[in-house]
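Participant: Sequence plus predicted model, see below.
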Amino acid sequence: DVQGRSDDVFHDHVSIHSGSVNKNSADESTSLGYWRAVDLADGKVHTARIRYLPYVATQYFEQMTANENLLPYLRDNGEGRRLGTLAVFIDDGIADDEPLLAIPINLSILLDLPQSLAYAGFTGSTGTKWEKHDILSWHWCD
């Protein structure tokens with residue numbers, strides 16, 4: 001988010017949001033942790049990496065964040081699928097293996113996926129303003 005809205009933080013930032021099986025939102029009602037400031041509206045090309053690890057990555061403890069919205073997704077679902085780590089890396093953090101933010105999460109509970117299938121996508125929010133966001137390239141890794 002790079003636009004200053006009255007109902008949002010003023011700074012450029014990255015945050016992880018999900019409404020689970022319900023509608024997602026750019027406001028804090030679906031935030032799964034606390035946002036991290038990062039300068040994105042500087043006219044430069046930025047590189048991001050989103051990585052899910054099927055275990056709690058202790059090396060990312062300093063970058064982990066959580067709030068009360070995350071609590072329902074911090075448990076075992078009874079199928080032997082335990083907590084994992086969802087981490088977001090920006091620019092130099094990719095090579096340095098230092099995420100901008102990370103959350104502990106059980107994706108199998110959050111997503112409630114039929115047959116373990118899902119869609120991947122991108123989103124950005126600007127409120128009532130506009131700004132150009134381009135995905136120049138991306139690839140999926142299993």
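Facilitator: Looks like it came in fine.
Participant: what about the strands in the chain?
Facilitator: When assigned using DSSP state E, the strands of the chain occupy the ranges 13-14, 36-37, 48-53, 84-90, 101-105.
Participant: CA atoms only: put the third one into CSV for me.
Facilitator: Provided in CSV are the C-alpha atoms of strand 48-53 (Å, rounded to 0.1, in the frame of the first residue of the first chain):
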residue,chain,number,x,y,z
ALA,A,48,9.9,-9.6,-4.0
ARG,A,49,9.9,-13.2,-2.9
ILE,A,50,7.1,-14.9,-1.0
ARG,A,51,8.1,-18.1,0.6
TYR,A,52,6.2,-20.7,2.6
LEU,A,53,8.1,-23.2,4.7
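Participant: How about residues contacting it?
Facilitator: Applying Cβ atoms under 8 Å, 6 or more residues apart in numbering, the contact partners of strand 48-53 are 84, 85, 86, 87, 88, 89, 90, 94, 99, 107. All C-beta atoms are positioned from the backbone trio N, CA, C, and that covers glycine.
Participant: Looking at those residues, spot the one nearest residue 21.
Facilitator: If you rank the contacts of strand 48-53 by distance to residue 21 using Cβ to Cβ, residue 107 comes first, at 12.8 Å.
Participant: The closest one and residue 84 touch, don't they?
Facilitator: Yes: taking contact to mean Cβ atoms under 8 Å, the distance of 6.3 Å between residue 107 and residue 84 places them in contact.
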